[in-house]
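A.B. asks: Sharing a model that was predicted from the sequence below.
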Amino acid sequence: MLLRVCFGAVVKSARANCRFLHSMRLIRFTDDKNGPRIGVETEPEGDVVDICNHDPGIAREMIPFLEAGPSALEAANRAVKGGAPVLPRSSTRILAPVVGPDKVICVGMNYRDHCLEQDVKVPKEPIIFSKFSSCIVGPYDDIIYPDETNELDWEVELAFVIGKKGKHIQEENAMEHVAGFAVSHDVSARDWQMKRNGRQWLLGKTFDSFCPLGPALVTKMGLSDPHKLGIFCRVNGQVMQESNTEQMVFKTEFLVSWVSRIVTLYPGDIFLTGTPPGVGVFRKPPVFLKRGDTVECEIDEIGKIMNKVV
């Protein structure tokens, strides 16, 4: 079996010691025998290498795993190469790669083509808002349609996860603080976002289950270029959003630097980097999700999440 895990690239900067960068698809999963733990996907939607079963010293949750730094990835590599058991994907339940982060940081209006869709100016600085971490669910979990809204909308987004604590991070050093990338779905109750609660975005973005995330945390070396990836959303199989992350106004490095001017970033903090055009609220007439709909969010080289609205 070919495991898509590559090691050995070393990066050194003037302001940091050498750090090993690993190409790996990290997941959280559970099965009938043990509780949630870290694993490695053999390939997108492939089987699961049970690295924690092989090495009890590997943290079972993602945030402690990230806090351990390069040593955790090295231990994961040894487990993969050392014969850790490979579990059929069908025998596991894939969970959100990160739960309970200190922060979920979101960026509004961050795709040029999405700004054109609304006939608004491209922002000159990032528009930052948040979601509560309690809204995170797994890549195949249900989205719960709240009784409090009638305008439930979809938004596929590229997410990235912080792997190293930092404040006042320089843009040229920002990628040293990024652990990897995932697919996210910024589910939105448009009436709460645009009409209620003083038109503040928080409540409309943070109902329970409003942040499906996954399917894996793909480390940086696993992507050719995170800012040149096709990004798609389908509702009941129909393509609703189709763009490319090169349309992002503010890229990963700038966002890390910008936000770290205000707050300290911690391992596990999640950034949602904005959505491309095609959302329901700006269609003519508007189109909103219904109970029973299935939403697929996909990004090239990262994977696909699929969630049913119930």
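C.D. replies: Here it is on my side, so go on. Numbers count the residues shown, from 1 in each chain.
A.B. asks: how about Val178, what does it touch?
C.D. replies: Counting by CB atoms under 8 Å, 6 or more residues apart in numbering, Val178 touches 160-163, 220, 252, 256. No exception for glycine: its C-beta is placed from N, CA and C like everyone else's.
A.B. asks: Restricted to strands, list those.
C.D. replies: 160-162 (DSSP state E).
A.B. asks: Which member of these is positioned nearest Gly69?
C.D. replies: Ile162 (12.3 Å; CB to CB).
A.B. asks: show me what contacts that closest one?
C.D. replies: 66, 177-179, 256, 265-271.
A.B. asks: before we move on, what about Ala216?
C.D. replies: 25-27, 41, 44, 97, 182, 302-303.
A.B. asks: Where does pLDDT dip in the stretch 1-150 of the chain?
C.D. replies: Flagging of the stretch 1-150 of the chain using pLDDT under 70 yields the residue ranges 1-22.
A.B. asks: what about the strands in it?
C.D. replies: 6-13, 16-23, 25-30, 37-41, 48-49, 86-87, 93-95, 104-108, 127-130, 136-137 (DSSP state E, counting those that start in this stretch).
A.B. asks: in the helix ranked longest in the chain, what counts as buried?
C.D. replies: Longest helix of the chain, by residue count under DSSP state H: helix 70-81. Neighbour-count burial for helix 70-81, counted by 16 or more other CB atoms under 10 Å, picks out 72-73, 75-77, 79-80.
A.B. asks: Next: stretch 140-150.
C.D. replies: Neighbour-count burial for stretch 140-150 [16+ other CB under 10 Å]: 140-141, 143-145, 149.
A.B. asks: ok, residues contacting that stretch?
C.D. replies: Counting by CB under 8 Å, 6+ apart, 94, 96, 137, 152, 185, 187, 189-192, 204, 207-210, 212, 214-215, 288-291, 295, 305-310 sit against stretch 140-150.
A.B. asks: Now that we have those, which of them are buried?
C.D. replies: Buried among the contacts of stretch 140-150 by 16+ other CB under 10 Å: 94, 96, 137, 152, 185, 187, 189-192, 204, 207, 209-210, 212, 214-215, 288-289, 295, 305-307, 309.
A.B. asks: ok, back up a step: possible to save the contacts of Val178 as JSON lines with distance to Pro226?
C.D. replies: Formatted as JSON lines, the contacts of Val178 follow (distance: CB to CB, whole Å):
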{"residue": "Phe160", "distance to Pro226": "7"}
{"residue": "Val161", "distance to Pro226": "12"}
{"residue": "Ile162", "distance to Pro226": "14"}
{"residue": "Gly163", "distance to Pro226": "14"}
{"residue": "Lys220", "distance to Pro226": "8"}
{"residue": "Thr252", "distance to Pro226": "6"}
{"residue": "Val256", "distance to Pro226": "12"}
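A.B. asks: who wins for most neighbours among the residues you listed?
C.D. replies: Gly163 (31 neighbours; other CB atoms under 10 Å).
A.B. asks: Filter the contacts of stretch 140-150 down to the ones in strands?
C.D. replies: Using DSSP E, the contacts of stretch 140-150 in strands are 94, 137, 152, 185, 189, 212, 214-215, 295, 305-308.
A.B. asks: Most widely separated two among those?
C.D. replies: Ile94 and Ala189 (26.1 Å).
A.B. asks: Just name the closest of the contacts of Val178 to Met109, please.
C.D. replies: Met109 has its nearest neighbour among those in Thr252, at 16.7 Å by CB to CB.
A.B. asks: Quickly note the distance from Asp102 to Leu66.
C.D. replies: Asp102 is 12 Å from Leu66, where distance means CB to CB, to the nearest Å.
A.B. asks: shared neighbours, the two?
C.D. replies: Gly268.
A.B. asks: Enumerate every residue touching Arg89.
C.D. replies: 45-48.
A.B. asks: domains for the chain, by residue range?
C.D. replies: Following automatic domain parsing, the chain resolves into domains at 6-95, 104-308.
A.B. asks: Nearest residue to Gln247 in space, ignoring adjacent ones along the chain?
C.D. replies: Sequence neighbours aside, Tyr111 is the residue nearest to Gln247 in space, at 4.6 Å (criterion: CB to CB, 6 or more residues apart in numbering).
A.B. asks: on that earlier part again, most packed of the domains of the chain?
C.D. replies: Greatest average neighbour count among those goes to domain 104-308 (a mean of 19), per mean count of other CB atoms under 10 Å.
A.B. asks: can you give me the end-to-end distance of that domain?
C.D. replies: Criterion CA to CA, to the nearest Å; first-to-last residue distance in domain 104-308 is 22 Å.
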